[in-house]
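**Student:** Mind folding the following:
(chains A and B)
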Amino acid sequence: EAAVTQSPRNKVAVTGGKVTLSCNQTNNHNNMYWYRQDTGHGLRLIHYSYGAGSTEKGDIPDGYKASRPSQENFSLILELATPSQTSVYFCASGDDRGGSDYTFGSGTRLLVI
Amino acid sequence: GQGVEQPDNLMSVEGTFARVNCTYSTSGFNGLSWYQQREGHAPVFLSYVVLDGLKDSGHFSTFLSRSNGYSYLLLTELQIKDSASYLCAVREPNYNVLYFGSGTKLTVEP
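**Tutor:** Sure, this is the predicted structure:
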């Protein structure tokens, strides 16, 4: 069954440390996306990718990097984690058809202390 | 990006209906999607609309007016289990990027 898998499910990190959130999809979708979700803000786009080797900035890219080494994998990297990056992070994949929906991962809950 | 606005909360009664409103301003538009999200879970796709008018999908219906930048999700014959957050998202033409509103938390009371 086609799916989007995120790891880890939960993460506690220290301020100033490096954090890598991983996402793997088996949908063979070209596009992948990273969002964060905070109370009162909904889902906000951090980075996205339209294929292996590409990364594009979303609305809130500051403090985040992204990497798309293959069609299946899309990582979000926090080089120097800060408490303001405590959030729930969702990865999603989608194709280029207008009516198609995203397939979301289950989310990663990150706490930066 | 896009500006997508939704009311924070909505309450209704079991057996009746609820209308979740969404307004948006866009630099590009390739349709609007609705998602349901339960606490602690990922969003689940409900509907996609790109043409004006009402799209009836039974329990969930969606309306779109592109000239007014307005959509709503209509839930009929409400059940307690419909209590959840409902997210409106505008789809940009490039790479189908979705821009989400902050979501409306619907509470269905007995």
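**Student:** Which positions in chain B make contact with chain A?
**Tutor:** For chain B, the contact set with chain A under Cβ under 8 Å from any Cβ of the partner chain comprises B:1, B:8, B:30-31, B:33, B:41-43, B:45, B:48, B:50, B:87, B:89, B:91, B:95-103. For every residue, glycine as well, the C-beta is placed using N, CA and C.
**Student:** so where's chain A uncertain?
**Tutor:** Within chain A, the stretches with pLDDT under 70 are A:1-2, A:98-100.
**Student:** what does it put close to chain B?
**Tutor:** A:30-31, A:33, A:35, A:40-45, A:48, A:50, A:56, A:58-59, A:90, A:94-102, A:104-107.
**Student:** For the buried ones among these, write the corresponding ChimeraX selection.
**Tutor:** Filtering these down to the buried ones (16 or more other Cβ atoms under 10 Å in any protein chain shown) takes a single ChimeraX command:
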select /A:30,31,33,35,42,43,44,45,48,50,56,58,90,94,95,100,101,102,104,105,106,107
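**Student:** Could I get the full set of strands for chain B?
**Tutor:** B:3-5, B:9-13, B:18-25, B:32-37, B:44-49, B:53-57, B:60-65, B:70-75, B:84-91, B:98-100, B:104-109 (DSSP state E).
**Student:** Output the ones you listed as TSV; include the columns mean neighbour count.
**Tutor:** TSV is the format used below for these (neighbours: other Cβ atoms under 10 Å in any protein chain shown):
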stretch	mean neighbour count
strand B:3-5	16
strand B:9-13	13
strand B:18-25	19
strand B:32-37	23
strand B:44-49	17
strand B:53-57	11
strand B:60-65	18
strand B:70-75	20
strand B:84-91	25
strand B:98-100	24
strand B:104-109	17
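**Student:** out of these, which comes closest to residue A:82?
**Tutor:** In terms of Cβ to Cβ, the element of the strands of chain B nearest to residue A:82 is strand B:98-100, at 23.2 Å.
**Student:** hmm, back to that, make CSV out of the strands of chain B and add mean pLDDT.
**Tutor:** As requested, these are exported to CSV (pLDDT from 0 to 100):
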stretch, mean pLDDT
strand B:3-5, 93
strand B:9-13, 97
strand B:18-25, 97
strand B:32-37, 95
strand B:44-49, 92
strand B:53-57, 91
strand B:60-65, 96
strand B:70-75, 98
strand B:84-91, 95
strand B:98-100, 93
strand B:104-109, 97
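**Student:** Tell me, how many residues neighbour the closest residue to residue A:71 other than its chain neighbours?
**Tutor:** Nearest residue to residue A:71, sequence neighbours excluded (Cβ to Cβ, 6 or more residues apart in numbering or on different chains): residue A:52, at 5.3 Å. Neighbourhood size, residue A:52 [other Cβ atoms under 10 Å in any protein chain shown]: 14.
**Student:** Give the full set of residues in contact with the most centrally placed residue in chain A.
**Tutor:** With distances taken as Cα atoms, centre = their mean, residue A:34 lies nearest the centre of chain A, 2.9 Å away. Contacts for residue A:34 (Cβ atoms under 8 Å, 6 or more residues apart in numbering or on different chains) come out as A:21, A:23, A:45-48, A:58, A:64, A:66, A:74, A:76, A:89-91.
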